[in-house]
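*Asks:* requesting a structural model of the entry that follows:
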Amino acid sequence: MNAPVTLFHISDLHFGLEDRRALDWVEQAIAAEHPAAVAVTGDLTMRARHREFAAACEWISRLAAPVTVEPGNHDMPYVNLIERFAAPYRRFGAIKALLERELDLGDLHVVPLQTVTRAQWRFPWVDGWVTDRALAATLAAIDALPEGTRVLITAHHPLPERAPDGHVLTINGTRAMEELARRQVLAVLTGHVHDPFDLTARTSAGPLRMIGAGTLSQRVRSTPPSFNELMIDGREVRVRVRNLAAVPTRAMQVDAVPETALPPRQPGEPVAPVNAVPEIDPPVT
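*Replies:* Numbers count the residues shown, from 1 in each chain. Down below sits the predicted model:
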């Protein structure tokens, strides 16, 4: 029996509007606690500016642990469309080797799933899309592992495909969730919505656990800046949402996958709908 593995799951750093106190705290925690790995699930920057990437890459390069990084929709060039289509990840520069990197932690592997695209048939290009090519690459990586290998998936966008009002969130998300459930992955780790969650979706191929991390930026939604500490023991994954406000984990985790990452509305304004996907079970309290 292998020893439990600790992994830190961080997301939505948004350099350009980062929370420096939160980033310093996370960096110190990694240096002191030595997690087996750090998974960064996208949106390193606010507007994919060169100076934002330089600061984000410098910070990530200092982390004292193996790191894998997913691109986020905020990390695609906004103004330079030629670069967006021809070399969308060029600005990752010094950490490009960490981008969509599969991590081998013994009989536990962290496998990336790309949900960010250069363009979509809908605008703005902020929501997710699991292309057939991206899904095939992830499934091939899983299927190539020795039988019995435990797998965690990293992606930027949560995978539920539709909001209750029919709005399409992550294109091809339903199929992706079914295929990952069929392979009995431990969980899918995502960001994008700035509130942490820990939910189980029921798919036609079985249950699929979805774990979302909050933000380490000033662009908070309904919870303070935070990151997830995951303890993987056998096939059990325990989640602790760590935050400087000392809010308990269950109070930090929202009970439905939020549809947007927009900051909370002011009193009196209508509440934005959330993606309360049918047949999603919140964790037992």
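*Asks:* does Leu139 belong to a helix or a strand, and which?
*Replies:* In this assignment (DSSP states H and E), Leu139 forms part of helix 132-143.
*Asks:* what are the buried residues along that helix?
*Replies:* Within helix 132-143, the residues that qualify as buried are Ala134, Leu135, Ala137, Thr138, Leu139, Ala141, Ile142, counting by 16 or more other C-beta atoms under 10 Å. (Glycine included, C-beta is placed from N, CA and C.)
*Asks:* can I get it as CSV, trimmed to CA atoms?
*Replies:* Provided in CSV are the C-alpha atoms of helix 132-143 (Å, rounded to 0.1, in the frame of the first residue of the first chain):
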residue,chain,number,x,y,z
ASP,A,132,-12.5,15.7,-30.2
ARG,A,133,-8.7,16.0,-30.6
ALA,A,134,-8.2,17.2,-27.0
LEU,A,135,-10.4,14.5,-25.5
ALA,A,136,-8.7,11.8,-27.7
ALA,A,137,-5.3,12.9,-26.4
THR,A,138,-6.4,12.7,-22.8
LEU,A,139,-8.1,9.3,-23.1
ALA,A,140,-5.0,7.9,-25.0
ALA,A,141,-2.8,9.1,-22.1
ILE,A,142,-5.1,7.4,-19.6
ASP,A,143,-5.4,4.2,-21.6
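*Asks:* got the angle for the next helix or strand after that helix vs helix 132-143?
*Replies:* Next helix or strand after helix 132-143 toward the C-terminus (DSSP H and E): strand 150-154. Inter-element angle recorded for strand 150-154 and helix 132-143: 160 degrees (by axes from the mean of the first three to the mean of the last three C-alpha atoms, to 10 degrees).
*Asks:* so which elements touch strand 150-154?
*Replies:* strand 108-112, strand 187-190, strand 226-233 (3 or more C-beta pairs under 8 Å, 6 or more residues apart in numbering; DSSP states H and E).
*Asks:* which of those sits most buried?
*Replies:* strand 187-190 (a mean of 25; mean count of other C-beta atoms under 10 Å).
*Asks:* partner strands of that strand, with direction?
*Replies:* Strand 187-190 sits in its sheet next to strand 150-154 (parallel), strand 206-212 (parallel), going by DSSP bridges.
*Asks:* deepest of those strands, which one?
*Replies:* Ranked by mean neighbours (mean count of other C-beta under 10 Å), those are led by strand 150-154, with a mean of 24.
*Asks:* hang on, the earlier thing: what residues does the helix holding Leu139 touch?
*Replies:* Outside helix 132-143, the residues that touch it by C-beta atoms under 8 Å, 6 or more residues apart in numbering are 102, 111-115, 151, 153, 172, 175-176, 179, 183, 185.
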